[in-house]
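A.B. asks: Okay, predicted coordinates and the sequence, questions at the end:
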Amino acid sequence: MNYPVWYLPEIGGGLLIAAIAVLHVFVSHFAVGGGLYLIYAEKKGLGENSEAILDFTKRHARFFLLLTMVFGSITGVGIWFIIALVNPAATSLLIHIFVFGWAAEWVFFVVEISAAFVYFYMFGRMDSATHLKVGWVYFISAWLSLFLINGIICFMLTPGSWLENQNFWAGFFNPSFWPSLLFRTCIAVMLAGVYGYLSASFSRDDSVRISMTRFSAKWSLLALLGALPSGVWYVMVLPEPAKELVLGKSPTIAAAGQWGVASVIVVLGLSLIFGFFRPTLNTRTTALLAMLGALVLMGSFEWIREAARRPYAINEVVYSNMIFKDDLAALDEKGYLQTALWVQDRDIGPENQLEAGRELFIQQCYACHSLKGLNNDLMPLTSHMSHQALVSYIGKIHKIRYFMPPFAGTQEEASMLATYIASGLHGKELVDPAATSAADPGQELFESNCASCHEAEDLGPATEEMDKDGIAAMLETLDELSDEMVPFEGSEEEAAELAAFIYFLSERDETPPLPVAVDGAVLFESECAACHAAEDMAAALEGWEPAEIKEALDKLDEFSDEMVPFEGSPEEKDALTNFLHKLGREN
């Protein structure tokens, strides 16, 4: 809202963050666990008095240095670059809250870099005891970097009591800090073993390849055993909405979870088969397969962690589209386009409805949706929805799907956004809601309440065994059928009209009744205007409530011998009552 949006409709900012972040964490966690691996690999070579193992360790240290200090550092800068472009609001807030935490992390990072260079370039040039101490300096500083970054990342998902007191330490040592730190430490150690497989597979000395493959397998297996319970602990401390998303309420998280389980099986299987039982089979192909499994595991974890925060970038503070939760009420009252800093269409008229709707899409939807892209493409998701269905859906989007931010703005702005999606993106002709209502009120109710997720032809077969009363009863318990639905909130009459519309979607022996247009103005002309002018009735009914007017229509003969009680249907009585009440209110 306070920053411009970097708009790439076919790609989506979230996909760019994921591509850079997953590769970075895959290397940065190795930078932590790999430091410890090097220490114990060197100790193994010294303990066994094996120059071959020490040579292997030095070669692995060179690979380690190039990968973590070059590729890891570049992707680390890349993360800062991409998050500042995609979500500058959340990035700025994290910097301001944890400025001293970031400063401390950069100090440890400098120590980490220095120790890594000393460790590699002084390998074999200083006494082994001092050299191992340098390794420990590297590992401790790298783990402390993880310690600090972990607190800030976890804050984004579980800010805890910071929401009440804005205390630095409350935000840093938040509810998920310790389980996440343990889980990430285990993952770092596991990755050290997997990267060790890869280095071992390139060794030309079979004895070294077998020995270091077994050595690496122990790291992977022990770390996986520690990661599983810590991962469960991590999930258990999540806020209830996030926990529900992780445990299956979100289809994208469920899919990522399946990939994660498959990758665990791959890493575990390769560790057992090629690590212990048949280390001679650790070829470059199998080592790369283990690397791929570990990368998928890391990627699925990061995807789940990011998705669990939805609809927020920082939980309960700022939404993924850079709108602060505390600003919602003001935006709904004043309007988003009148408040946001980086929009052009503030004066809205019939000529710029599409342009205004496009700006609302960019500002409020693009953070999670692309157009004809790979990341949550909005086109197929809305292809079946009419303008009226979109307006209704946008108004209650957060209530139906918790993981989507609520729309911020007026009802008029919601209609502009719906106009852009329905007409601007899909080229649909906009239908006057009044015409729909006159044709069939049940169809209007279906468009407003159901069409955002269901197509009419699909509901017919699903309800062909039900009668109208059964359908009406089902409308009251929709949340029991699916977590993504809410019970119908209209009146009993509206529920009956909607149930009747759904009932006749399937083939029936009976034919649906023809809809009758009920217009209060027409009824007034035919029933009342012969004796009463509209302006006279407006003055007489000023201050009357609908219930009073409706009751008076039943005893008009008590007001005058020249009048008789109204004899129309209940629908006609409601229409005439509403028209008369409108006259009195306007007066």
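C.D. replies: Everything's here; your move.

A.B. asks: Go ahead and confirm L163 touches K325.
C.D. replies: No: counting by CB atoms under 8 Å, L163 stays clear of K325, with 10.1 Å between them. For the C-beta atoms, the positions are set from N, CA and C on the backbone; glycine is no exception.

A.B. asks: Do a quick rundown of the strands in this protein.
C.D. replies: 312-314, 318-319 (DSSP state E).

A.B. asks: for the longest one, packing partners?
C.D. replies: Which is strand 312-314. Applying 3 or more CB pairs under 8 Å, 6 or more residues apart in numbering; DSSP states H and E, one finds that strand 312-314 contacts helix 88-97, helix 128-157, strand 318-319.

A.B. asks: and of those, who's closest to Y37?
C.D. replies: helix 128-157 (9.2 Å; CB to CB).

A.B. asks: the domain parsing of the chain - what is it?
C.D. replies: The chain breaks down by automatic domain parsing into domains covering 13-319, 323-427, 432-517, 520-586.

A.B. asks: just checking, what's the longest helix in this protein?
C.D. replies: helix 13-47 (DSSP state H).

A.B. asks: Could you list every helix and strand in contact with it?
C.D. replies: Using 3+ CB pairs under 8 Å, 6+ apart, helix 13-47 sits against helix 51-66, helix 73-86, helix 99-121, helix 128-157, helix 177-201, helix 206-236, helix 284-308.

A.B. asks: Alpha carbons only: can I get the first one in CSV?
C.D. replies: Read that as helix 51-66. In CSV, the C-alpha atoms belonging to helix 51-66 read as follows (Å, rounded to 0.1, in the frame of the first residue of the first chain):
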residue,chain,number,x,y,z
GLU,A,51,46.8,-39.3,4.6
ALA,A,52,44.3,-40.5,2.1
ILE,A,53,41.4,-39.4,4.4
LEU,A,54,43.1,-36.1,5.2
ASP,A,55,43.5,-35.5,1.4
PHE,A,56,39.9,-36.2,1.0
THR,A,57,39.0,-33.8,3.7
LYS,A,58,41.1,-31.0,2.1
ARG,A,59,39.4,-31.6,-1.3
HIS,A,60,36.0,-31.5,0.4
ALA,A,61,37.0,-28.3,2.2
ARG,A,62,37.9,-26.7,-1.1
PHE,A,63,34.5,-27.7,-2.6
PHE,A,64,32.8,-26.5,0.7
LEU,A,65,34.6,-23.1,0.5
LEU,A,66,33.7,-22.5,-3.1
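
A.B. asks: Low-confidence bits of the stretch 1-150 of the chain, can you list those?
C.D. replies: Within the stretch 1-150 of the chain, the ranges that satisfy pLDDT under 70 run 1.

A.B. asks: change it to 90
C.D. replies: Filtered on pLDDT under 90, the stretch 1-150 of the chain yields the residue ranges 1-2, 8-16, 18.

A.B. asks: on that earlier part again, now the domains of the chain as CSV including distance to Y7?
C.D. replies: Shown next, in CSV, are those (distance: least, CB to CB, whole Å):
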stretch, distance to Y7
domain 13-319, 9
domain 323-427, 5
domain 432-517, 25
domain 520-586, 44
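
A.B. asks: what's the closest of the strands of the chain to V391?
C.D. replies: strand 318-319 (20.6 Å).
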